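[1] Just to be clear, the model below is a prediction. Sequence and coordinates:
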Amino acid sequence: MEHVTLSTDYATEPTLVRAGQGRRLVNLLIDYLAIFAMIFGLGIVLAAIGQESLIDSLDNDFVGRLLFIAFAAAYYLIMEGLFGRTLGKMLTGTRVVTDEGLQPSFGDILKRTAWRIVPFDGLSFLGDAYGWHDSRSNTMVVRS
């Protein structure tokens with residue numbers, strides 16, 4: 001009978017591949033659809049309980065922008081904070097990790113979310129798939 005020795009000398013660390021601009025754009029579009037759907041849902045609930053005057057007040061451009069920022073911040077904090085991914089990232093097979101490849105802390109996600117509020121954050125991806133909300137929070141989006 002021949003004696004077989006198994007080698008345990010192999011790398012077990014996964015290789016992280018950054019999500020490209022195309023996937024990041026699809027993530028953004030899906031996430032914005034989800035945020036707008038939540039706001040639309042709020043409108044339906046307000047109409048159902050007879051709060052048409054409150055709905056009319058949301059027609060103000062400034063109030064609408066504040067509402068979007070509040071819903072977006074809550075969406076990203078909850079989704080990335082709890083699951084490490086948003087609906088867009090789930091559908092494109094991507095997730096958020098730290099620059100070291102670890103699960104981000106709530107503080108990391110809070111920083112990511114805060115940087116998304118910067119009006120020109122979306123432009124920070126031109127020429128690079130590493131935007132301000134990634135670089136300033138030491139996180140990145142990778143393929144799962």
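    That came through, no problem.

[2] Ranking helices and strands of this protein by mean pLDDT, which lands last?
    Of all the helices and strands that make up the chain, helix 52-57 has the lowest average by mean pLDDT, DSSP states H and E, namely a mean of 85.

[3] Give me the helices and strands touching it, please.
    Using 3 or more C-beta pairs under 8 Å, 6 or more residues apart in numbering; DSSP states H and E as the contact definition, the elements that helix 52-57 packs against are helix 21-48. (C-beta placed from N, C-alpha, C; glycine too.)

[4] Averaged pLDDT, the helix it packs on. What do you get?
    The predicted model gives helix 21-48 an average pLDDT of 93.

[5] Now do that helix: distance to the chain's middle.
    Here helix 21-48 shows a centroid-to-chain-centroid distance of 12 Å under the convention C-alpha atoms, centre = their mean, to the nearest Å.

[6] Same question for stretch 61-79.
    For stretch 61-79, the distance from its own C-alpha centre to the chain's C-alpha centre is 13 Å (C-alpha atoms, centre = their mean).

[7] Could you pull up the contacting residues of Arg18?
    Counting by C-beta atoms under 8 Å, 6 or more residues apart in numbering, Arg18 touches Ala129, Tyr130, Met140, Val141, Val142, Arg143.

[8] run the last query once more with 6 Å
    Residues counted as contacts of Arg18 (C-beta atoms under 6 Å, 6 or more residues apart in numbering) are Met140, Val142.

[9] quick one, phi psi at it?
    Here the main-chain torsion angles of Arg18 (degrees, to the nearest 10) amount to phi -60, psi 140.

[10] ok, it to Arg136 distance?
    Arg18 is 16 Å from Arg136, where distance means C-beta to C-beta, to the nearest Å.

[11] Fine by me, we can end here.
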